[in-house]
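Student: quick check, what structure comes out for this input:
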Amino acid sequence: MENWPERLFDLMFIPDMNSKMDELSELAEEENWNYINTEDEHHLPILFNYIQYTYKRIAEEGKLLVSENGQYLTFNTGLVTANQEPIFAFANTNRNEEAEQPWYFQGWKRKGEYDMTKFPELPLMAHYFDDPSLLVMDARLELRTNIEHIVSHNKDRFPKPYKSMDDYGVQTLIKGAVDNAKERVRRSYKTAIPHFHRGRVQLLLPLCLSNPNTADLALVVEKHETFYRASTCLTLDMAYNNARQLARPDRDWLLP
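Tutor: You can find the predicted model right below:
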């Protein structure tokens, strides 16, 4: 297996990344790729992050393909068109002898386009898990929550009204929100949304601090052998980013 660079931008030169994100967004089935709550330096930040982390996983798995003549390269983005046709990244060898990247990005290609005939077979999507049970939370198991750690180490992620509250007051709110989230999981398994982080599948639960119908944060839950443990939380934008790597999240509570 070839040792591929960990970062997409170390593999290929991509001119005018903003326009390339627009092109991919228009080619793929319709989806909101912008944050709601956070400003970001990148154009279409959810899509930008999705492509970076998808490539990272693809490189780890060695799922990039080079044409038989060695002139072209492709990988599966995991995205599809509105007609459910897979979309691939397509590049050719970088002819700039001074370039640091060995490949030059040419465009996003549908499976049926002529350029994809340069490959006798097409690469598979990124794979993130072998045990499907990791995607569903077993509401029968205990959930152990390190509330003090969540508050003391993640205060900057809380919405404004709670950043200025004393830790004890916020901890009290978190305890109630966690209990409500557990009840919500019992009523609907879709409440727990899987996400991928540092090589592991974890689950996200809504923390509704002021309105029972509106999540303020996402609680990160990790499965151990006989129980679940939660010791951190994410902003909703951070949570959506991580969840989108696996699949487009159900919009029951987690919105981009």
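Student: going forward, measure contacts and count neighbours with C-alpha atoms only.
Tutor: OK.
Student: beyond the helix or strand of the chain with the lowest mean pLDDT, next helix or strand please.
Tutor: The helix or strand of the chain with the poorest confidence is helix 160-163; it has a mean of 90 (mean pLDDT, DSSP states H and E). Downstream of helix 160-163, the first helix or strand assigned by DSSP states H and E is helix 167-187.
Student: so what does that next one touch, helix or strand wise?
Tutor: Using 3 or more CA pairs under 8 Å, 6 or more residues apart in numbering; DSSP states H and E as the contact test, the elements touching helix 167-187 are helix 147-154, strand 200-207.
Student: and the ones you listed, which is most packed in?
Tutor: strand 200-207 (a mean of 24; mean count of other CA atoms under 10 Å).
Student: how far off centre is the helix or strand that it is followed by?
Tutor: Next helix or strand after strand 200-207 toward the C-terminus (DSSP H and E): strand 217-223. Strand 217-223 sits 15 Å away from the centroid of its parent chain (CA atoms, centre = their mean, to the nearest Å).
Student: now do strand 217-223: which elements does it pack against?
Tutor: Against strand 217-223 (3+ CA pairs under 8 Å, 6+ apart) you get strand 200-207, strand 227-234, helix 236-244.
Student: low-confidence regions, the stretch 1-150 of the chain specifically.
Tutor: Applying pLDDT under 70 to the stretch 1-150 of the chain picks out residues 1.
Student: strands of that one, start to end?
Tutor: Assigned by DSSP state E, counting those that start in this stretch, the stretch 1-150 of the chain shows strands spanning 12-13, 65-66, 72-80, 86-93, 103-110, 142-145.
Student: quick one: work out the angle between the fifth one and strand 86-93.
Tutor: Comparing the axes of strand 103-110 and strand 86-93 via axes from the mean of the first three to the mean of the last three CA atoms, to 10 degrees yields an angle of 150 degrees.
Student: now what about strand 103-110, what contacts it?
Tutor: 11-15, 20, 23-24, 73, 81, 85-94, 115-116 (CA atoms under 8 Å, 6 or more residues apart in numbering).
Student: tell me, how many residues neighbour the closest residue to residue 36 other than its chain neighbours?
Tutor: The spatially closest residue to residue 36, leaving aside those adjacent along the chain, is residue 256, at 6.0 Å (CA to CA, 6 or more residues apart in numbering). Using other CA atoms under 10 Å, residue 256 has 21 other residues around it.
Student: which ones are touching residue 256?
Tutor: With CA under 8 Å, 6+ apart, residue 256 has these contacts: 32, 33, 34, 35, 36, 236, 237, 240.
Student: and the gap between it and residue 84?
Tutor: 22 Å (CA to CA, to the nearest Å).
Student: okay if I get the helices and strands packed on helix 167-187 as JSON lines plus distance to residue 67?
Tutor: Formatted as JSON lines, the helices and strands packed on helix 167-187 follow (distance: least, CA to CA, whole Å):
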{"stretch": "helix 147-154", "distance to residue 67": "47"}
{"stretch": "strand 200-207", "distance to residue 67": "32"}
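Student: related to what we said a few turns ago, tell me which of the strands of the stretch 1-150 of the chain approaches residue 42 most closely.
Tutor: Smallest distance to residue 42 across these (CA to CA): 16.9 Å, for strand 12-13.
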